[in-house]
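Enquirer: fold the following, please.
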Amino acid sequence: MKIVVIGGTGLIGTKLVERLSRQGHAAVPASPGTGVNAVTGEGLAQALAGAEVVVDVANAPSFEDRAVLDFFERSGRNLLAAKAEAGVRHHVALSVVGTDRLLASGYFRAKMAQESLIEAGPIPYTIVRATQFFEFVGGIAQSATEGGTVRLSPALAQPMVSDDVAAALAEVAVADPVNGLIEIAGPEAIRLDDLVRRFLAASGDTRQVVTDPGARYFGVELGERSLIPGAHPRLAATRFADWLGRPRPQA
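Expert: Below is the predicted model:
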């Protein structure tokens, strides 16, 4: 089966292409680096020719409100048109758990716009909402750092490792479209402040985490359950403690 992965040279896309290829599929990485630009439409028709499935894991290069909305709206419309022309039978898109609860953020408004385009489009689809990745916990810490202090909400999180995200997407890609949402998450809920505290300790980082219920998460105030999935998510296997014990490059 030919499966085109939009954003196929990034963190998730690279792992997904490798996994699908090992399973015997013709997995094609599509990104500006391979001559395919979903925002401009460059190379889309050629990349999608003969494809049965498209998996979109691309992310915006800028999180500024206007830029990120423009990215997801333009790429979403171009993809829908190119997929209809190519006869693609399943569109899989990676989104974020809690998107509908975090609309004070321009980024999450843009993700919601992307989801809405897919839902209103003519292509059978599955939207996979994932929780935050272990690999980005360092970025969360950096975004909340003031001097030697990291100020974070005690809201619950349920993060997962990128390998498990790719594994879930590979399963969804070869299954029938659900024409709805699937949530995927890590195996355990951890409070956000404790998550970062454990990460910093394991990294030998001396910054101190301060628990602050009013602290914002990339500009958004969190509720207790803003970042965790609903009642029946698909749970990944890898626990945070096990990942912390591995040698790892940081995203």
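Enquirer: remind me which residues of the protein are low pLDDT?
Expert: For the chain, the stretches with pLDDT under 70 are 248-251.
Enquirer: can you do 90?
Expert: Residues of the chain meeting the criterion pLDDT under 90: 63, 218-219, 246-251.
Enquirer: just checking, what packs against the lengthiest helix in it?
Expert: Scanning the chain for the longest helix, with DSSP state H as the assignment, gives helix 65-86. Applying 3 or more C-beta pairs under 8 Å, 6 or more residues apart in numbering; DSSP states H and E, one finds that helix 65-86 contacts helix 44-48, strand 53-56, strand 90-96, helix 106-120. For the C-beta atoms, the positions are set from N, CA and C on the backbone; glycine is no exception.
Enquirer: that's a helix at Glu42, yeah?
Expert: No: Glu42 is assigned coil when assessed by DSSP: H, G, I helix; E, B strand; the rest coil, not a helix.
Enquirer: show me the contacts for it.
Expert: Glu42 makes contact with Gly35, Val36, according to C-beta atoms under 8 Å, 6 or more residues apart in numbering.
Enquirer: for it, give its distance to Asp56.
Expert: Distance, Glu42 to Asp56, by C-beta to C-beta, to the nearest Å: 16 Å.
Enquirer: what does Val28 give?
Expert: Distance of Val28 to Asp56, computed by C-beta to C-beta: 13 Å.
Enquirer: more neighbours, the two?
Expert: Asp56 (27 against 21; other C-beta atoms under 10 Å).
Enquirer: surely the more buried one is in contact with Val4?
Expert: No: Asp56 is not in contact with Val4 according to C-beta atoms under 8 Å; the separation is 9.1 Å.
Enquirer: need the residues touching each of these two.
Expert: Overlap of the contact sets of Asp56 and Val4 (by C-beta under 8 Å, 6+ apart) is empty.
Enquirer: contact partners for Arg101?
Expert: Applying C-beta under 8 Å, 6+ apart to Arg101 gives the contacts Gly223, Ser226.
Enquirer: I am finished for the moment; much appreciated.
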